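**Q** build me a model from this:
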Amino acid sequence: MEKNMNGHAHKGNNDWNNISSILKRHEASNGHILNMRIIAIVKTLGKNNLAFRGTNEKIYEENNGNFLTIIEMIAEFDLHMQEHIRRINELINNTTGKGLYDAIVDEIKNTGLDINDVRGQAYDNGSNMKGKHQGVQKRLLDINPRAFYTPCGCHTLNLVICDMANSCDKASEFFRVIQRIYSIFASSTQRVESVKAIRFQAPQLRKALLQLSKNCGDPKIKSEAKCVATYELENYEFLLGMIIWYDALFAINTISKSLQSNDMCIDDAIDQLNGLLCFFEEYRENGFEKALDYAKELALEMNLFKTDYFLYVVDKAITSLKSRFEQFNDFKNIFGFLFSIEKLKSFDENTLKEHCLNLEKSLKHDDSLDIDGLDLFNELKLLRHIDYVNYSCNCCLYRKKFF
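**A** Below is the predicted model:
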């Protein structure tokens, strides 16, 4: 976009005497016209309830969806759109692990910071960021092994849900039915909220679909509404799956919201994630029977499918949580003994000394040491016997230093 557009977007305008001419110039700018065309595409697709994305998200490739297809069509006649696509492609080509790593290193140098002073890095779960061989985190760890990596907790929980949804065909089919229901009512699917609406209003929803199948003037919608009401909402397997998915998504959504709170600390995050894992392990043993009881309230017929659906979904939740949050546990193994006064006081001297020496080793790179493990051990021996309030103040200083 043009410089004057960036100025308006980020700095605003205070030349009110000339605001009319400024806005006219802005509206005639290439960047503004380009953006309005893109917005027009969004409005058109939304108005006609058409999907934006395809199975491929790359421009000028097959099956890349309605949005990118229309962008390609406009670019055939519009030089500004062609330039826009060229710049986007340049940006995409620079988002490899190496490209992003070089950009981060350059920014660190430009701000006058020392990359060897970095003690933590956190990104989403894109392969260019978290990749164990070519990702940004690996490249940074290669030159500074003390820059401990942890993934974004909320994004990782979203991937856990994706793992669960793809764990078996019946799990995938459940969400296809959810999408069909929301498409009929021209609404969007928002995971736990969409399942919640159906979970607690299944009878009313079925009644509404049947009424729609009788009164709607669109033959396609009439047929789809009757099909969903008759063959899905009256299907005991679907109702049971709805109970199971709501329980699972509600638990994950609760933790996800908590992880986004402003005062969330790493020790609390680890405890909550471990609690979520315990929930699924317990749910695996007792959840199916409870789900059956709830499902019986919605239907009289029963068609158990525990072994080929329930266990697939819950087992995938357990294994995915363990593998995707492995870095959090590594972080806890290094710094966990400093998380609370209660934990610190629970260690005998040999265990405390072992933790301090392990922290020294973890924060050592070549001949550079962040701390002396024995010095820290002697200080902590003294601090844990001091009044709790005084200790808390000192412990905060330590945590600021290490985190």
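**Q** can you give the domain ranges for this protein?
**A** Recorded structural domains for the chain (assignment: automatic domain parsing) are 3-93, 97-151, 162-324, 329-402.
**Q** need the ones you listed in CSV (columns: mean neighbour count).
**A** Every residue, glycine included, has its C-beta placed from N, CA and C. What follows is the domains of the chain, written out as CSV (neighbours: other Cβ atoms under 10 Å):
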stretch, mean neighbour count
domain 3-93, 13
domain 97-151, 15
domain 162-324, 16
domain 329-402, 14
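**Q** now D163: how far from L50?
**A** Using Cβ to Cβ, to the nearest Å, one obtains 29 Å as the distance from D163 to L50.
**Q** okay, K296: pLDDT?
**A** Looking at K296, its pLDDT is 79.
**Q** point to the residue nearest the middle of this protein.
**A** In the chain, the centroid-proximal residue (Cα atoms, centre = their mean) is H155; its distance is 1.8 Å.
**Q** can you tell me the closest non-neighbouring residue to that residue?
**A** Distances taken as Cβ to Cβ, 6 or more residues apart in numbering place D124 nearest to H155, at 4.7 Å, with adjacent residues excluded.
**Q** if we can go back for a sec, quick one: pLDDT of the residue nearest to the centre of the chain?
**A** 84.
**Q** test my guess that it contacts M129.
**A** No - H155 is beyond contact range of M129, at 10.2 Å (criterion: Cβ atoms under 8 Å).
**Q** quick check: I161 touching A251?
**A** No - between I161 and A251 there is no contact under Cβ under 8 Å: 10.8 Å.
**Q** follow-up on the earlier one: next, give phi and psi for the residue nearest to H155.
**A** When quoted as degrees, to the nearest 10, the phi and psi of D124 stand at phi -80, psi -170.
**Q** likewise for N49?
**A** Here is the backbone geometry of N49 (degrees, to the nearest 10): phi 50, psi 40.
**Q** could you measure from it over to K345?
**A** For N49, the distance to K345 - Cβ to Cβ - is 61 Å.
**Q** follow-up on the earlier one: contacts only, for the residue nearest to H155.
**A** D124 is in contact with 130, 151-152, 155, counting by Cβ atoms under 8 Å, 6 or more residues apart in numbering.
**Q** please apply the same query to H80.
**A** 30, 33-34.
**Q** so the residue nearest to F337 when sequence neighbours are not counted is in which element?
**A** Using Cβ to Cβ, 6+ apart and skipping residues adjacent in sequence, the residue nearest F337 is H355, 4.2 Å away. Using DSSP states H and E, H355 maps to helix 349-362.
**Q** the bottom helix or strand of the protein by mean pLDDT?
**A** Scoring the helices and strands of the chain by mean pLDDT, DSSP states H and E places helix 388-402 at the bottom, with a mean of 45.
**Q** how about the secondary structure of T55?
**A** Classification of T55 using DSSP: H, G, I helix; E, B strand; the rest coil returns coil.
**Q** tell me the contacts of the nearest residue to K364 once chain neighbours are set aside?
**A** Spatial nearest neighbour of K364, chain neighbours left out: D370 (7.4 Å); criterion: Cβ to Cβ, 6+ apart. Counting by Cβ under 8 Å, 6+ apart, D370 touches 119, 146, 360, 363-364, 402.
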